[in-house]
Each structure stands twice: as C-alpha cells, then as structure tokens.
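In: Please work out how this folds:
(2 chains)
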Amino acid sequence: MSTTANQRPADALRTGDGPRHVAPSAGAKKIGGLAGWVDDRTGAAKPVGYLMKKVFPDHWSFMLGEIAMYSMIICLITGAFLTFWFVPSAGHTVYDGSYVPLRGVEMSEAYASTLHISFDIKGGLIIRQIHHWAALMFVVALVVHMFRVFFTGAFRKPREINWVIGSVLALLAIVEGFAGYSLPDDLLSGTGIRAMAGFVQTAPVIGSYLVYGIFGGPFPGEMIIPRLYSAHVLLIPAILIGLFTAHIALVALQKHTQFPGPGRTNDNVVGYPVMPVYAAKAGGFFFIVFGVLALIAALVQINPVWAYGPYDPSPVTAGSQPDWYMGFADGALRLLPGWLEFTVFGFTVSMNIFPGALILLPLVYVILGAYPFVERWVTGDEREHHLLERPRNAPVRTGIGMAGITAYTVLLFASGNDIMAIKLGMSINDLTWFFRVGFFVLPVVVFWVTKRVCLSLQRRDRDTVLHGRESGTIIRTPDGRFFERHEAGLPEDQWVLVQHEAVAPLELEPEVDEHGVARPAARKDRMRARLSRFYFADAVNPVTPAELAAAHHHGHETEALEGSQAAGEIESAEPAGRH
Amino acid sequence: MNALAARRRHPAAIAVLLMIGLFLTGAVYAAVAPEPADATTQALPAQSVAEGKALFRANCASCHGLNAEGRQTGTGDQIAGPPLAGVGAAAVDFQVGTGRMPMTQPGVQAMRSDDVKFTDEQIAAMGAYIASLAPGPSVPSDEAVDPTKGDAAVGGELFRVNCAMCHNFAGSGGALTRGKYAPSLRDVTGKHIYEAMATGPQSMPVFNDSNITPENKRDVIAFLDTLDQEPSPGGLTLGSLGPVTEGLFAWVFGLGILVGCAVWLGSKAA
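Out: Modelled structure (predicted):
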C-alpha cells in the first residue's frame, strides 16, 4: 500500500474510485456522533484528518529521532514524579532517614530529599534511575539522529531551519542535563557546580561578576540550587518543548525525506499513513522505549547519590566526571596545557581553561548549525531535496562528518583518561599526550580514509551496474572454455545504484569581464571554486545509460554475451535446471 | 543439498564460525596452559628476630640490601629498594601480607596479589626483624581494626575528605601520574587498611595518629566495611566508577537494544 502526494498521469481514470460505503455499526455511529459534536465546536476534523492521512516513509533509522522524543517524554513524566518530593534548597539539615551510613551527617535539604526519594519513597529509586537513564538516552539518541540526518543529507533545502532548530535542541538538551545533574547536591554534582563556577570565572573581564550574578554571591552560596531547579523544571523544558513542537511540525509540513528506491522520487512520499499504521508503530515504539529504559533502570544503578555523600567544598572524588554529553568539554580541559595561563597587566588570562570551558560548547553547536549553509554556498544548489543521499555518494561530506565525530570522540575519551588509565593499566600522561596529538591528527586521517572508502564503494557500485554481480557459477561451454556468469541485478536494485546526480566542481568564472575589468566578486568566487574542487574534484559519477549500453555492447562481450548465449543453451537443454 | 550446505552462505555464517573458533581456541588454551609453579617454602614457625633476618636476607636483600639499608639499581639512577629502618612491622605486614612484596618484577608500583608468598608466622618474623632496626608503626590489635566498633557515618566523612580524591568515593581506586594508581579498597582487611594509613605505602601519604586518630581510623575501616557489606540498592554498580561507565553503558547497551528494537520494528510490514 503506497500513497503518492502528487497528481499522477492516470488520475482521470480513477475519478470514480473511492472506498466502498458500508453502513456504520452502532458503535461507530456513537463515536462518529461524538466526533461530530467536537468538530461542530472546534472544526478539528479537517486538520486531524489531514494529519491522520499523512504518509511517512519507513526505515529503522527514521526512528532514532523517535527514541530521543520518547526519552524526553519519559524524562518529563518521571521528572514530574520526582518534583513531588525533591526539595530544591541548600538549607542545612541533619539526615535521619533509613540509609544508615549517612545517619547523623549534616547535609543540604536537596541532598536529604534525594536520599528520601531513593530509600523511603515507594518506587522512588527506580523512577530516579529511569529519569537519569532516560536523560542519557535522550542525548545519545539525539546525537545519533543527528548523524543520520547529516550523513544522508537530510538537512538540505528546504530543511535547513529544522536542522538549526535541531542543533539548538541538542545544545539545550545538554544544558538541561547538566542542570539536573547538579541538583541532588551530592559530592559529584557539587564538584560539577564548582567546576562550572570556575569556568565562568575564566570569561575575560566579566568572569567574576558573572559568577557573583549566577550564584548570588561567592561560591557556593545558597542560591544556586533553587536557581538551577527553576531552569531545570521550568525554563529549559518549556523552550525544549516549544522548539521540539516546531521541529515535529516542520517535519509534517515539509514531509519526511525518504531513501531512494523504485517509485520514490523527489516529488512523492512512499510509505504508510499515520492512521492506522504509524499510530500503531510509533505508539508501540514508545512503550518499547519506556520498557527498555525501565528494564535498564531496574537492573543497572546510575548516579548512586548515597555513595557520593553530601557536597562539601573541601573533598573531591577520583573519577569526577560529568555525564557523558558534557564529557567532550571536560576532555578539552584535560588536554589543554597549563602554560596557556598567563598574566597581562596584572590580570590573569586563563587560556588553559577558557577555550575548553566557555568557547568549545557553543562553537560545536554553531559549526553544526552553520554546516548546511556552507555546503549550499559551495555547491550553489538551490533546489529542494526530498530524497536522501546515500552517504557514499557524498564522500567529502561523509568525510567531514566522520572527522568531526572523531575530534568529538577524542575529547570525549580524554575526559575518561583516568578511568582508562586504571582499567587498561596505562599511564595517564601517555594517554593525555596521545589524545592531544590525536585531536589534530586523527580527524585528518579519518577524513581521508572515509573519503577513500566512499569513493571505492561508489566505484564498486559502478562496477556492479556495468558488469553485474559475480554469481560464483562457472560455466563450461561445449567447446571446453570456462567463464563465470555475471548476474545483472534487478532493475530496482540497479536503480538505487544509479539514481544519484552526477556532480562536478564549479567552473571558475574569468576574473575579468569581457571589457577587461576585474569583477568585484572574483575573490569570493575563487574561494568558492576552490572549495567546490575540494568537494567534487575526484567525484565518481553514476553510470549513465550510454555507459551501460556501451558496456553491454563491447566491454565484456566475451562474458556477458557469450555467457548469456551459452547459459541459454544449457538452460534450454536442461529445463529442470535453475530458475 | 543438506542443511549445512544450504546455510553456509548465510550472512551470520562467518560470525558463527569466528565465535566457534574463538571458543575452541580459548577452551584448548585453558586446558593445556601451564600451571604456575608452586615453590613456596614451608618454613618452620619462627618468632625470633634472627629467623626474620634470615628470611629477609634470602628474599628481600637483593633489592633492599643485606642490612635493609636500601640499594640503587645497577646503573645507579633509581632506587631498587628503599631503606627499611624505621618503617616498622606494620609496613612489612602490609607489603608482604597483601602480596605486594616481594615484587615479581620491577614496575611503577607494586601490585596487590592474592598470591601471598609467606605464612603469617614468617611475615611476623620479618616484621620483628625490621622493627628491631629502628622503632616504627607496629601491627594494630584486632580491636583497633574491628569494623563493628567504628562509626561508619563519621568514617564516611573522613574518607571523603582524606581518601576519596585518589581512591574514589566508593573505594574503587583511581589513577595517579605516570601509570601509578590508588588501588581499589574493596575487600581489603581492616588490618591492612589501618597499616596503609599508618605507614603510607608507595605514593600514599602517611596519616599518623595526630592526622587521624586510631579511633577515626577504625571509623574509616567501618565505612569501607559497609561498602563491602552493603547490597547495591540500585542494581549493577558498573564498577562504581562514576559517570564514565554509565555513559559507556548507555551508548553500548541502551543504544544497542533500542536500535535493535527499531530495526525489528522497521522490518515489520504493516
């Protein structure tokens, strides 16, 4: 069952077609009556009907965003439960709950209430663990969803705005995560806040004022937990949900992209309508995600706040790391050499912290958000794209993406250098140097390797189209010659290999016009032509029909033509053979 | 065509073959791997300093010198073994009793080993010999290290202030510079914890009785005992190493399971 969105040539023949009319049952009548009542008052039938008939293409990678969405919803549900008992206050108290090793210890009300949720509220601990695991999975799924969108070129026109919204969502998600991580006021989260205060202080000139503003005085003060709480449960979730709604609305408005395949064009969407197929699939998937997260939360401990103990500015624990999504910034701090701190006119400039702590985070997301615009400028491509590209068919973009992931991963792993050192029996100093060098070298290597792999895969695709697939069947002709039969793929399989567009670098326009006058835009054009060569100079283009015809005529006549002849003879002689 | 032949081109065939091969290799290795030779000398029980001195000369003097005065390495640029006068019987009991000494090979740090080379009597004899060279911390009494007599809550606070920055909040251990590390404190006897605090082995500072009183040392032991005894309330601890292992778990298992579900659901026709 497939539905096309546009007019088809033979539509005139189908004018009389329509669903068979069956007298509605009593139950359906009742529901219809209710729906009619609502529709009379809201006019909802039309938009709801439009949404219900909306067609979405089917592929497992399109569900990565769904995992993120559901994890966020699970965070909202479990988070609401946690707010019933969490006390966002730095007020002092002495613990007298049921966790014996902390009884009689002085702590904040925030920490005491977190212990209370964990040990004295029925189901509190598992809800807390679901909340935390769902938060980690939210960002994991969101990042992998971004990978999918990036590598398939789904961010191209008209979806640049949605890519930018997605980038902002990604940034907000980790800020939201950090705010939540900091709330329980255990030793680890307090250390995180302490680190954050230090980062803010490295902002040139305004740093110390900023810290006083955020903390309402010197660190730690009593303001930060209530303030982070407001941000965590009110401000950021509201923005997250608003942007997320816009994100989904744009997907519905612009229609979902689809992978190339038979019958799938830039002008249609092949898939299933929301009602009933996607409503069932997506609804079911929500429960799968919730179930998996609940299972993980029931079996695997996360953030054992009781083990960390209450926050106190003097101690710190080995293995103090942020949750994984902030790890890349922490890793950057671990790699920045200490000699970058210097003093100018009596002011300390903390270049050993500032770039990793305050610059990197926004920079990563600005680069992410800007990429579609850079690529569009380079390619000069102003057309709309609703068909996804196979990653191999955009070797340079795929290479850039992999290089970016590599740089990010190096920083992420660097933030776990102490854990790696003890678990792998290595020196933390060696690891740090490996990551320092790796940050600059590995992305280049990975870019080059990825690009070569893509080009090779493209060449293999060409080869498969031109010469067919090696069947492994050796045929002996009556006169004693041997050859291997190459099987031509099915047309629909071949289509996938040849459907993409041929690309070539932009031609450099002459720097002077026909009157010999220098054009003002020449410099910009040179830059653009250079980038375009970088993207497309060694492009492997798809097989053209002419090439295919030529290949069938001469290129490998001995195997293809004779082969098919010989095979035909053999098959006619042995009708019970293959097929 | 039998079933095996029909399946040999199955995409999973190579993976299955690899797994079978790996399991077979592992099983064969486990069966024929050489057992470590057991050459422990069952010496006579001896309490005397002289007996300890003989044991010391036979087993420790090659690095620590014939009279425990310490030795340089052959090239003279590093210490093969430090002088031992004044380290006390507690240091001997800790280093030898946890299997760290004698070191099997040079390294950045002596590793804890379950393969303790000497009997309690032999360790006591060597301790007596070292204690006879110069006064030092002695082996604590059983009462001084009894976790039931300590206050775990106080011990926890002391642990977080003094120990957690190297040994981690749950005593799981942590990294130090250049391959050195603070070892895990799980399932270490109270006596050895006490001796480590009193003698400061390897990179560890000494926490003498004016830093942390003997009663507080016992509180720390009580706290570490609760870590060993306490059932993990939240499930698998993932090594109690903090957010790194949690993030790894989310990426590998969380994402793995959910993507597996997505692939399954995506392949389901309507």
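
In: give the contact list for the residue most central in space within chain A.
Out: When CA atoms, centre = their mean is applied to chain A, the residue found nearest the centroid is residue A:146 (2.0 Å). By CB atoms under 8 Å, 6 or more residues apart in numbering or on different chains, the contact list for residue A:146 reads A:166, A:167, A:170, A:368. Any C-beta I mention is one placed from the backbone N, CA and C, and that applies to glycine too.

In: The last one touches residue A:167, doesn't it?
Out: Right, residue A:368. Yes. Residue A:368 lies in contact with residue A:167 (CB atoms under 8 Å); the separation is 4.6 Å.

In: Count the neighbours of residue A:314 for me.
Out: Here the number of neighbours of residue A:314 (other CB atoms under 10 Å in any protein chain shown) works out to 8.

In: How about residue B:211?
Out: Neighbour tally, residue B:211, other CB under 10 Å: 12.

In: Let me see the confidence value for it.
Out: Residue B:211 carries a pLDDT score of 88 in this model.

In: Tell me if it really is in a helix.
Out: No. Using DSSP: H, G, I helix; E, B strand; the rest coil, the assignment for residue B:211 is coil, not a helix.

In: got a list of what the residue lying closest to it once chain neighbours are set aside touches?
Out: Leaving out its chain neighbours, the residue that sits closest to residue B:211 by CB to CB, 6 or more residues apart in numbering or on different chains is residue B:162, at 8.0 Å. By CB under 8 Å, 6+ apart, the contact set of residue B:162 is B:207, B:211, B:212.

In: For residue A:510, see how far away residue B:162 is.
Out: From residue B:162 over to residue A:510 the distance is 75 Å, taken as CB to CB, to the nearest Å.

In: Next, see if the helix-or-strand element of chain B with minimal mean pLDDT gets close to chain A.
Out: Ranked by mean pLDDT, DSSP states H and E, the weakest helix or strand in chain B is helix B:3-7, scoring a mean of 71. No. Helix B:3-7 is not in contact with chain A by CB under 8 Å from any CB of the partner chain; minimum separation 13.6 Å.

In: which helices and strands sit right next to the next helix or strand after that helix?
Out: Next along the chain after helix B:3-7, taking DSSP states H and E as the criterion, comes helix B:13-32. With contacts defined as 3 or more CB pairs under 8 Å, 6 or more residues apart in numbering or on different chains; DSSP states H and E, helix B:13-32 has no helix or strand neighbours.

In: how far does helix B:13-32 sit from the chain's center?
Out: Its chain's C-alpha centre and that of helix B:13-32 lie 31 Å apart, by CA atoms, centre = their mean, to the nearest Å.

In: who's in contact with it?
Out: Contact with helix B:13-32 is made by residue B:7, as judged by CB under 8 Å, 6+ apart.

In: quick one: furthest residue from the center of chain A?
Out: In chain A, residue A:479 marks the outermost C-alpha relative to the chain mean, sitting 58.8 Å out by CA atoms, centre = their mean.

In: any idea how far that one lies from residue A:47?
Out: Going from residue A:479 to residue A:47 by CB to CB gives 72 Å.

In: Quick check, pLDDT for residue B:37.
Out: 48.

In: quick one, what contacts residue A:208?
Out: Residues in contact with residue A:208 (CB under 8 Å, 6+ apart) are residue A:201.

In: buried stuff in the one helix or strand it maps to?
Out: Under the criterion of DSSP H and E, residue A:208 resides in helix A:207-215. Of the residues in helix A:207-215, A:207, A:210, A:211, A:214, A:215 count as buried by neighbour count, 16 or more other CB atoms under 10 Å in any protein chain shown.

In: Helices along the stretch 401-550 of chain A, start to end?
Out: A:417-424, A:428-467, A:491-498, A:522-536, A:545-550 (DSSP state H, counting those that start in this stretch).

In: highest average neighbour count across those?
Out: Highest mean neighbour count among those (mean count of other CB atoms under 10 Å in any protein chain shown): helix A:417-424, with a mean of 20.

In: what's the spacing between that helix and its chain's center?
Out: Mean C-alpha position of helix A:417-424 versus that of the full chain (CA atoms, centre = their mean) differs by 28 Å.
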